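> what's the 3D shape of this:
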Amino acid sequence: MGGNKKKSSQSNTSKSQENKGGKKEEVKKTPASKTQQKQKLSVLIEEAQGLKTLDSMKAITVHSFARTLGVKISVANNFLKNLENKNIIKVIGGYSGHRIYQKSK
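Down below sits the predicted model:
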């Protein structure tokens, strides 16, 4: 519960004199978001490479699949959903967005 130390009166007066005599610098803000455009990156997983990776995995989750291939989770999620629609893999557990897949026989 200690408070701040009181500053000497000399340091307060010297700071106020510097502000009065000097010119105020105007800060120009350039919006960086307007100057930079978002890049559209399209990363595709080759089906042969993806299926080869799935063969070596016992329990398949989106996160582990993405980490193994080195892609974003959204890309891995789309790939796994496509394989599920083709009945190559099936959901064996999980909840909400955390699904656990297994390769169909």
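> how many other residues sit next to residue 83?
Look at residue 83: counted by other CB atoms under 10 Å, it has 20 neighbours. C-beta: built from backbone N, CA, C; applies to glycine.
> I figured it was touching residue 90, is that so?
No: with contact defined as CB atoms under 8 Å, residue 83 does not reach residue 90; the gap is 9.5 Å.
> Quick check: next helix or strand after the worst-scoring helix or strand of the chain on mean pLDDT?
Least confident helix or strand of the chain, by mean pLDDT, DSSP states H and E, is helix 32-35 with a mean of 56. The helix or strand immediately downstream of helix 32-35 is helix 47-56, counting by DSSP states H and E.
> after that following helix, next one along is what?
The first helix or strand that comes after helix 47-56 along the chain, using DSSP H and E, is strand 60-61.
> got the contact list for that next one?
54, 80, 89, 94, 98, 99, 100, 101, 102, 103 (CB atoms under 8 Å, 6 or more residues apart in numbering).
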